[in-house]
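this one's structure only:
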Ligand SMILES: Nc1ncnc2c1ncn2[C@@H]1O[C@H](COP(=O)(O)OP(=O)(O)OP(=O)(O)O)[C@@H](O)[C@H]1O
């Protein structure tokens with residue numbers, strides 16, 4: 001349910017009461033932001049006064065506007081001042097201030113750079129050409145980047161590594177810089193940007209205004225604060241602001257204890273019967289797993305896109321963009337980089353000896369070996385080396401989807417594979433319940449005795465599931481939140497098992513590798529097209545779908561529909577029951593299909609009670 005941010009329970013302050021440039025207010029009004037979020041309310045006034053800002057606020061709380069609006073306002077105001085001075089000097093008022101880059105916005109990933117650029121475009125819709133911005137983290141040639149920078153855009157958005165490269169080659173001048181933003185400050189160092197941050201800190205002019213924006217306050221953030229901030233205004237939300245407007249949890253969290261192959265069964269049933277309504281992000285442990293799931297779902301006629309660090313950046317950006325336009329309902333994503341950044345830290349924190357999982361028959365695919373990066377190697381390396389996947393290819397270390405990316409209107413984050421740290425969990429579930437919406441997180445976990453019992457579907461990271469789940473529960477309890485068990489009636493699920501087995505058998509390791517290669521090739525072609533056309537007219541690229549059938553496995557048409565006898569009276573009834581808590585799953589629209597089939601056979605099914613309806617029954621409120 002969408003909760004309007006204008007509800008008075010957040011705060012009565014409206015945007016118009018903030019002393020922002022009317023052109024910005026106009027843009028905000030067209031975006032239907034009527035009320036500033038708590039972080040915006042608190043941070044914008046001191047930022048307008050020129051104070052440094054250190055803001056910690058949960059994911060999806062509107063931090064981007066909290067730093068962008070004051071910066072845009074101040075740039076517009078200073079231009080106005082220069083124009084006025086020029087016209088008083090008789091030089092006319094159209095020239096504006098001398099062309100120079102005034103704001104540098106540093107983000108850890110290319111996904112975020114693209115997102116921030118788009119938000120600037122939205123906020124400056126009514127500013128004409130007064131504010132120019134360039135995203136140099138994009139995958140465009142160095143010469144084009146140089147020419148863009150030589151036009152001295154007012155704002156440069158970049159990852160630290162790209163900014164350092166252009167600073168070193170003197171295409172990026174920081175001499176006139178007035179504003180520095182470090183977005184996702186808690187994460188930026190774990191992407192291997194430490195040296196670049198040092199380089200940039202030495203090059204900044206004195207007295208610039210700095211914004212450190214972060215979802216958590218970590219040692220890394222403190223380090224950055226010392227390096228970049230002078231007595232910042234510090235924003236930390238209170239407990240009520242952390243939760244929803246009414247203090248209620250905005251993300252309902254559930255977990256299911258499951259065997260390795262049963263995860264696939266659950267996935268099939270959940271999506272085939274549309275038990276989750278709306279858009280979902282399914283997180284998996286590694287790239288191969290993305291394709292395994294996609295091929296598996298394809299068997300049942302369920303379309304999904306994959307998103308991982310191996311895909312070309314333009315394809316990734318396009319996928320997120322299209323997902324936000326509701327073109328796709330399901331994304332299967334990895335968050336390899338985030339996991340790697342956090343893993344050791346958490347293991348050290350908690351002194352627990354975590355056994356290395358090696359599920360036979362599966363290639364560990366979360367290795368850092370062989371990674372090539374535009375940035376420096378991440379400072380924290382994994383101690384243990386893992387076997388290289390045969391499909392291991394160049395990865396982009398500046399990839400990231402579980403942090404910061406604004407996936408819009410996501411109903412459910414489904415941790416098909418549990419992340420290996422509680423931090424990763426936090427970031428993953430932050431992809432739902434954004435901007436005042438509610439959402440749910442559903443996590444599958446494999447209890448230790450079931451680990452390694454079904455080799456074809458086993459994944460190494462699951463060996464830690466029990467421990468990680470405990471950490472997650474502890475972490476959420478500290479925040480006053482609870483993960484509830486979600487108990488499917490497994491007996492009812494069993495009726496679907498043989499279909500799942502059929503589908504799993506078809507999705508062999510070779511099929512997964514083929515799909516991965518085929519998809520990569522297709523996306524490289526798509527990415528080239530995107531590269532040429534993206535900026536000119538992205539609307540033209542609608543036809544470039546990323547969820548088309550990969551067709552490396554022969555799909556048996558009968559698998560695409562659910563036979564009625566599986567949904568017969570009483571069969572499905574218990575499936576959605578959960579004694580442990582309220583169940584946000586909703587029954588989907590499979591009714592039509594069932595009716596259609598009945599008609600073909602000449603049966604009178606029109607008045608028959610829809611068995612799927614019973615899924616919702618028995619829910620504990
Ligand atoms: N005042 C507002 N009213 C309504 N929607 C808003 C408001 N401010 C921001 N939003 C929307 O909320 C969503 C989340 O904002 P944003 O991406 O800035 O969050 P964030 O705090 O930076 O999250 P993360 O830490 O995950 O990056 C965006 O879609 C944005 O357009």
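Arrived safely. None of the values given here were measured: they were computed from a predicted structure.

only C-alpha atoms from now on, for both contacts and neighbour counts.
Noted.

which helices and strands sit right next to the helix or strand residue 511 falls within?
Assigned by DSSP states H and E, residue 511 falls within helix 509-533. Applying 3 or more Cα pairs under 8 Å, 6 or more residues apart in numbering; DSSP states H and E, we find helix 509-533 packed against helix 287-299, helix 313-324.

now the last one against helix 509-533, angle please.
Computed by axes from the mean of the first three to the mean of the last three Cα atoms, to 10 degrees, the angle separating helix 313-324 from helix 509-533 equals 90 degrees.

what's the next secondary structure element after helix 313-324?
Note on helix 313-324: by DSSP H and E, the next helix or strand toward the C-terminus is strand 330-334.

which residue ranges of the chain form strands?
Here the chain has its strands, by DSSP state E, at 53-56, 103-106, 133-135, 155-158, 179-182, 209-214, 233-235, 251-257, 279-284, 305-307, 330-334, 410-415, 439-445, 483-485.

dump those to JSON lines, plus mean neighbour count and mean pLDDT.
Below are those laid out as JSON lines (neighbours: other Cα atoms under 10 Å; pLDDT from 0 to 100):
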{"stretch": "strand 53-56", "mean neighbour count": "26", "mean pLDDT": "91"}
{"stretch": "strand 103-106", "mean neighbour count": "25", "mean pLDDT": "95"}
{"stretch": "strand 133-135", "mean neighbour count": "23", "mean pLDDT": "91"}
{"stretch": "strand 155-158", "mean neighbour count": "26", "mean pLDDT": "94"}
{"stretch": "strand 179-182", "mean neighbour count": "24", "mean pLDDT": "94"}
{"stretch": "strand 209-214", "mean neighbour count": "25", "mean pLDDT": "92"}
{"stretch": "strand 233-235", "mean neighbour count": "16", "mean pLDDT": "91"}
{"stretch": "strand 251-257", "mean neighbour count": "21", "mean pLDDT": "90"}
{"stretch": "strand 279-284", "mean neighbour count": "25", "mean pLDDT": "93"}
{"stretch": "strand 305-307", "mean neighbour count": "25", "mean pLDDT": "89"}
{"stretch": "strand 330-334", "mean neighbour count": "25", "mean pLDDT": "92"}
{"stretch": "strand 410-415", "mean neighbour count": "25", "mean pLDDT": "91"}
{"stretch": "strand 439-445", "mean neighbour count": "25", "mean pLDDT": "91"}
{"stretch": "strand 483-485", "mean neighbour count": "19", "mean pLDDT": "91"}
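
can you put those in TSV and add distance to the ligand?
What follows is those, written out as TSV (distance: least, Cα to the nearest ligand atom, whole Å):
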stretch	distance to the ligand
strand 53-56	9
strand 103-106	13
strand 133-135	17
strand 155-158	15
strand 179-182	12
strand 209-214	7
strand 233-235	13
strand 251-257	14
strand 279-284	14
strand 305-307	17
strand 330-334	16
strand 410-415	11
strand 439-445	14
strand 483-485	21
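
the helix holding residue 511 versus helix 287-299: what angle between them?
Going by the same axes, to 10 degrees, helix 509-533 is angled at 100 degrees with respect to helix 287-299.

only the buried residues of helix 509-533, if you could.
Within helix 509-533, the residues that count as buried by 16 or more other Cα atoms under 10 Å are 511-516, 519-520, 523-524, 526-527, 530-531.

check stretch 467-480 too.
Using 16+ other Cα under 10 Å as the test for burial, stretch 467-480 gives 467, 468, 469, 471, 472, 473, 474, 475, 476.

quick check: the residue nearest to the fifth one when sequence neighbours are not counted vs the ligand, distance?
Spelled out, that is residue 472. Closest residue to residue 472 apart from its sequence neighbours, by Cα to Cα, 6 or more residues apart in numbering: residue 422 at 4.8 Å. Counting by Cα to the nearest ligand atom, to the nearest Å, the separation of residue 422 from the ligand is 16 Å.
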